[in-house]
Each structure stands twice: as C-alpha cells, then as structure tokens.
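Colleague: What follows is a predicted structure for the sequence shown.
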Amino acid sequence: MGKEPLSLYELNAMVKQALNESLPEAYWIQAELSEVRSNTTGHCYLEFVQKDLRSNNLIAKARGTIWANVFRMLKPYFEESTGQAFVSGIKVMVQVTVEFHELYGYSLTVIDIDPTYTLGDMARKRREILKQLEEEGVLTLNKELEMPLLVQRIAVISSASAAGYGDFCRQLEENPYRFMFYPRLFPALMQGNQVEESVIAALNEVNDRRDDFDAVVIIRGGGATSDLSGFDTYLLAANCAQFPLPIITGIGHERDDTVLDSVAHTRVKTPTAAAQFLITHMHQADESLEELAQTLVSFVSERMEKEHSRLTDLTNRLPLVIKNRTIREGYLLEQLIQRIHVGIARNLTNKKHRLMLLEQQVNDASPERLLKRGYSLTFKDGKVITDSAQLKPGDLIITRLAKGEVSSEVK
Amino acid sequence: MAEKKESYAQAMEKLEDIVSAVEKDELDIDQLSEKLKEAQKLVRFCKDKLYKADEEIKKIMEGEDN
C-alpha cells in the first residue's frame, strides 16, 4: 500500500492550513497594481505585480481582494491623501493577510493601505519628469514667456460639462470692473486615462490658431478628489513647457503641484482662481493706465502752474526793470551830453590857438612886410614876374613897392 | 490679430513716452496741449480695449463654432 492519494481538495486544505500556520500575521508589502476591478457588491479585486528593476520583466504576481466594508473607507482615504485614483499602474503599500482557498487558490486580502508610499513614488516620478525636462532645456520655457499686458482672448481647455468651466466663465462674465473677456472652449477629457492624449490634442488645436489668443487656461472642476495622474506625464508636460502662449492651470487640487503645474506659466488652484487671476491681471493693466493718465495730468497742471507763475513773475518784474533801465539810460545820456560839452569846448580852444598861430605865421609871411623891408613885386599884365625870361623889350611892367607903384618899360 | 494684440502695448508705450517728456520738461507749451490731446486719445483707446466689446474678436471667437 504505497499510494493513498489525496483528493485535490484535501491537498489544498493542507496547503491552506500550512499557510495559515506559517504566515499567521498581517504583512506590509510594496507592489504595483496591474489590475483593479470592483463590482456591484462593492468588493474590489486586484492583481499585484513586481517587476525586475532593470528588465521590467514580471518577477512576482498575486491576486488580491479588498472586501467591500474595507474598500468603502480605504478608497476615498487613499484618493484624498494622494490625489491619485485607485487604479492599475500605481505603486502601493498595503497591509495584507495571506489567504489560500481550496477553489480559488492563493490570494492576498488587503486590510490597510499607506498612501505616503504612493505619494513618494508619484513624487519621485514627477521629479524624474522634471529632471528630464530640465536636461532638455525646456522646463522653464513657458514661465519665461511674457504674459501680455492684456489677456482677454482666452483658449480654455476643459471638459465642457464640468462645473469648473461654468464657474470660470461666470466669474469672468461677472467681474466687478466690467472688463471684456473672450473665452473659447477647447473641450478635453480631464480625468481618466485619456487626459494626456486629449489635452495634447486640444493644445494642438489652440496652437493652430495661436494668433487668436493671448493665453491658455487649463481648468477642471474641483470638488471630488479624482485622478490627477494624467497631469503628471512627460509628454503633456513637454507640450505645455514648449507651448508658445502662456499657460495658466487651475486643475483643482490641494496637494503638491502636478508636473503640469510645475511647467505652466502660472499655477492657481481652482478654475475660479484662474478667472480671478485674469481679472486681477486686467485690473493691474487698468491701474497702470490710470496711473499714467494721472501722472500726466498732474505734471501738465504743475507745468502750467509753473509757466503761469513765471509769467506773473515776469510781469511783476517788468516795471521795475523798465524803470531801472530808463534811469540808467538817462544817466548814460547825461554823461554823453557832458562829454559832448567838454569835447566841444576843448575843440574850440584848440582851434582858437591854431588860428592865432596861423595868423601869426600869415602875418610874418605877408608881402607887405617884405615890401617894407625893401623887396618889391613886379607885375606884367597883372601877373607876378619871377623870371627875366618872362619879359622882352618893350613890355610894360609895374613894380609894386611898400608904398606906391612904378610903371616901367623893358629895354 | 497679432497686430491688434500689440497695439495696447504700443499705446501704453506712447503714453509712457509722453508722460516722461512732460516729466522732463522736454515739451514747450505749444506742444503741450497737442501732446495732451494725443495722450487723451491713447487713454480712450486703451480704456475701450479694457471695457468695450471688440466685435471683430467676437466674430473670430465664434467663427469656428459652426
């Protein structure tokens, strides 16, 4: 009697018992979720996997279950803490008990979860994406774009049905300053696993008409915590970082920035806050315009006042200046007259002296005096003769003496 | 459209220039009123951009909705 075979059930029961005995506790494990399904009963069925770090090949795999009573609390707790939907593809740290069922085999029952591990893993992924973008030199490109002075023509990427888009438009519409805004919706899926693809498609659409817009706003209704992992992808971040218009994000979450937030020009929390940002931006433009206008008015009136007082000042000074000038001119005139008098007097005296001198000289040189000294003058036909050659025999000449004249004939 | 987008900034720049010229007393009184008039026009233009609906933009925004 060598063989007394066990039924399969008996063997499985033995495995079950062995497992129960040797692994009686609850264990914390780290694993990736490769499948997450929940059904109408509220239970959640999972598949855990572990991949080889280098080759990415599966090296371990286990089924898992979260019973409805646990899942009801665990899911919202996890999603609120991480901003990450409880879906396949994420890494989790869960506390499990090891089960073996005769029919269904090996499986892990989840009794608790530690969201910080997932958060850490997500943060690490985000850091890696940001690092890659930095290495490619595109990380800050969108931030470096200058926000136009007026941001009025706004391309809105959002889901049309979401409350967030309605809030955004209403907020813009009802802005207290009555500024004009021109929002235009480019619909995209804002949750689920098509976020990346859908938002990039919308961005491409905006890009095709980028001259028609001043900025892009990516918004999504807040409220219920839902999946943000779509905003943590490299491709979306790279698209946004290099987008030619400034991007404003308001994707409604409280936790750390998503990668999208990190590369966007401006990050705010909610759609309403995005609208508020735009209104404030317009208000600032308006204020600086107002300020300029005010400055101009005050400078102009200051200038006019200055000119006015300059004019008054000149007017006031004018009579005095004129009076002074008149006095000075009068004085100058007086001086001139004085100088003329003196000049004339001096001139007259000089002339008298000269005259006297000349008279003296004339007197000294007069023929009368010469005649008196015995000289005589000889005339022919009324002309003085100074050379005997002027005369010929027979000419009648008259000789004038100091007293009287003598007539003679030349021989 | 790109041109239109610029023009607010251009208007602001012109306005700044006028203000700075007035500030520095670079204008004589004859120019002053002329420049003031120009500045008023610029301010009105800018205000319109802020507060009045631009039908042209509206048309463009709605143009592709059909």
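Modeller: Noted; the coordinates are in hand.
Colleague: Write out the residues of chain A neighbouring chain B.
Modeller: Applying C-beta under 8 Å from any C-beta of the partner chain, we find that chain A lies next to chain B at A:148-150, A:152-153, A:177-180, A:182, A:184, A:209, A:211-212, A:214, A:282, A:285-286, A:288-289, A:292-293, A:295-296, A:299-300, A:303-304, A:307. (C-beta placed from N, C-alpha, C; glycine too.)
Colleague: Among the residues you listed, the buried ones, what's the PyMOL command?
Modeller: Per 16 or more other C-beta atoms under 10 Å in any protein chain shown, the buried members of the residues of chain A next to chain B correspond to this PyMOL selection:
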select buried, chain A and resi 148+149+150+152+153+179+180+182+184+212+214+282+285+286+289+292+293+295+296+299+300+303
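Colleague: Which of the residues of chain A next to chain B fall within strands?
Modeller: A:153, A:182, A:184 (DSSP state E).
Colleague: okay if I get these as JSON lines plus pLDDT?
Modeller: Output for these, formatted as JSON lines (pLDDT from 0 to 100):
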{"residue": "A:153", "pLDDT": "94"}
{"residue": "A:182", "pLDDT": "94"}
{"residue": "A:184", "pLDDT": "93"}
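Colleague: low-scoring pLDDT stretches of the stretch 1-150 of chain A, where are they?
Modeller: When residues are selected by pLDDT under 70, those of the stretch 1-150 of chain A lie in A:1-2.
Colleague: Repeat the analysis, applying 80 as the threshold.
Modeller: A:1-2, A:83 (pLDDT under 80).
Colleague: All the helices of it, residue numbers only.
Modeller: Counting by DSSP state H, counting those that start in this stretch, one finds helices in the stretch 1-150 of chain A at the ranges A:8-22, A:68-82, A:115-135, A:141-144.
Colleague: do the same with chain B
Modeller: Assignment of helices within chain B using DSSP state H yields the ranges B:2-23, B:29-51, B:55-63.
Colleague: Tell me the buried residues in the longest strand along chain A?
Modeller: If you go by DSSP E, chain A has its longest strand at strand A:26-38. Residues A:29, A:31, A:32, A:33, A:36 are the ones in strand A:26-38 that count as buried (16+ other C-beta under 10 Å).
Colleague: Out of these, which comes closest to residue A:110?
Modeller: Distance to residue A:110 across the buried residues of strand A:26-38 (C-beta to C-beta) is lowest for residue A:29, with 9.6 Å.
Colleague: so what's the closest one up against?
Modeller: Contacts for residue A:29 were tallied using C-beta atoms under 8 Å, 6 or more residues apart in numbering or on different chains; they are A:48, A:93, A:94, A:95, A:96, A:108.
Colleague: model confidence over stretch A:326-343, on average?
Modeller: Confidence for stretch A:326-343, expressed as mean pLDDT, is 88.
Colleague: Now do it: distance to the chain's middle.
Modeller: Here the centre of stretch A:326-343 is set off from its chain's centre by 71 Å, with C-alpha atoms, centre = their mean, to the nearest Å.
Colleague: ok, and what's touching it?
Modeller: Residues lying outside stretch A:326-343 but in contact with it, judged by C-beta under 8 Å, 6+ apart, are absent altogether.
Colleague: then it to CSV, C-alphas only?
Modeller: Listed next in CSV are the C-alpha coordinates belonging to stretch A:326-343 (Å, rounded to 0.1, in the frame of the first residue of the first chain):
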residue,chain,number,x,y,z
THR,A,326,15.2,154.2,-18.0
ILE,A,327,17.2,155.6,-15.2
ARG,A,328,20.4,154.0,-16.5
GLU,A,329,19.7,155.2,-20.0
GLY,A,330,19.1,158.7,-18.7
TYR,A,331,22.3,158.7,-16.8
LEU,A,332,24.2,157.5,-19.9
LEU,A,333,22.6,160.2,-21.9
GLU,A,334,23.6,162.8,-19.3
GLN,A,335,27.1,161.5,-19.5
LEU,A,336,27.1,161.7,-23.2
ILE,A,337,25.9,165.3,-23.2
GLN,A,338,28.5,166.2,-20.6
ARG,A,339,31.2,164.6,-22.8
ILE,A,340,29.9,166.5,-25.8
HIS,A,341,30.1,169.8,-24.0
VAL,A,342,33.6,169.2,-22.7
GLY,A,343,34.6,168.0,-26.2
